[in-house]
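Engineer: After the sequence you'll find the predicted model.
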Amino acid sequence: MATQPKKDKIISSSWELLQELSLTEFSMRKLATRLGMTVSSLYYHFASKEALFAELIDKASAEIIFPAHEKSWQERLFVYGKNIYTVLENYPNLAQLMMDYPPESENYLRLFDKILMIVDELELSDDHKFYTVNLYLNFIYTSKIDSERFLEQPEKATPEKAPLVQIAPFLDKYWQTESLSHLGTSESFEFGLRLLISGIEKTIEMNKS
């Protein structure tokens with residue numbers, strides 16, 4: 001039976017490896033090499049890579065703070081979204097993991113359930129409440145993934161074939177400003193989160209009319 005210290009070491013080493021590799025590059029063999037273990041020994045502690053990833057998601061999800069003191073559903077969604085994003089920033093590739101794997105572990109299920117609890121009071125059908133939660137989480141995950149990709153990109157370069165202003169004048173206008181450099185910032189994420197929440201409000205108002 002796996003001891004907790006050994007499992008904790010495997011988990012911490014997994015995050016270290018995910019700091020260096022993408023999810024597609026990650027393998028149990030590479031992890032075993034980092035740990036100085038045999039692959040069979042690693043599989044003794046975690047039956048599969050998917051089981052290991054589920055544990056990573058579960059441990060990280062437990063750190064997300066629920067905004068119990070916020071009174072309105074709008075502020076609860078906003079603060080919870082920021083809290084989720086904060087935890088995503090602490091663990092490499094966590095956003096991609098949570099997007100790729102359905103909520104099956106205990107703490108991930110609780111995360112999903114708490115968001116459903118927030119939207120449960122809304123005047124939407126059950127289907128639309130469920131769609132809302134999926135849209136909300138996907139926005140948070142993709143925002144984090146896009147932020148990581150944006151930081152990895154080299155400095156912006158103007159196309160060589162023709163001046164950008166001739167091809168896409170409106171894009172050129174924003175290209176010449178600081179707008180692009182703000183992508184991936186907490187300011188852009190919070191703006192998008194507010195925009196999403198206002199869209200939910202608008203949908204509820206339309207359903208009433």
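Structural biologist: Done, it's in.
Engineer: any weak-confidence spans in the chain?
Structural biologist: For the chain, the stretches flagged by pLDDT under 70 are 1-3, 151-162, 178-181.
Engineer: what's the host helix or strand of Glu55 in contact with?
Structural biologist: Taking DSSP states H and E as the criterion, Glu55 maps to helix 49-61. Outside helix 49-61, the residues that touch it by CB atoms under 8 Å, 6 or more residues apart in numbering are 7, 10-11, 14-15, 26-28, 31, 46, 87, 90-91, 94, 97-98, 101, 104-108, 110-111. C-betas here are computed from N, CA, C, even on glycine.
Engineer: do that again at 10 Å, thanks
Structural biologist: 7-8, 10-12, 14-15, 18, 23, 26-28, 31, 42-43, 45-46, 48, 84, 87-88, 90-91, 93-94, 97-98, 100-112 (CB atoms under 10 Å, 6 or more residues apart in numbering).
Engineer: Which of these fall within helices?
Structural biologist: Among those, DSSP state H puts 7-8, 10-12, 14-15, 18, 28, 31, 42-43, 45, 84, 87-88, 90, 94, 97-98, 100, 106-112 in helices.
Engineer: And the buried ones among those, selectable in PyMOL?
Structural biologist: This is the PyMOL syntax for the buried subset of the ones in helices among the contacts of helix 49-61, where burial follows 16 or more other CB atoms under 10 Å:
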select buried, resi 10+11+14+15+18+28+31+42+43+45+84+87+88+94+97+98+107+108+110+111+112
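Engineer: Ala32 versus Ser40, what's the distance?
Structural biologist: 9 Å (CB to CB, to the nearest Å).
Engineer: So which of the two has more stuff around it?
Structural biologist: Ala32 (18 against 9; other CB atoms under 10 Å).
Engineer: so after the longest helix anywhere in the chain, what's the next helix or strand?
Structural biologist: When the chain is parsed with DSSP H, its longest helix is helix 126-152. Scanning forward in sequence from helix 126-152 by DSSP H and E, the next helix or strand is helix 164-167.
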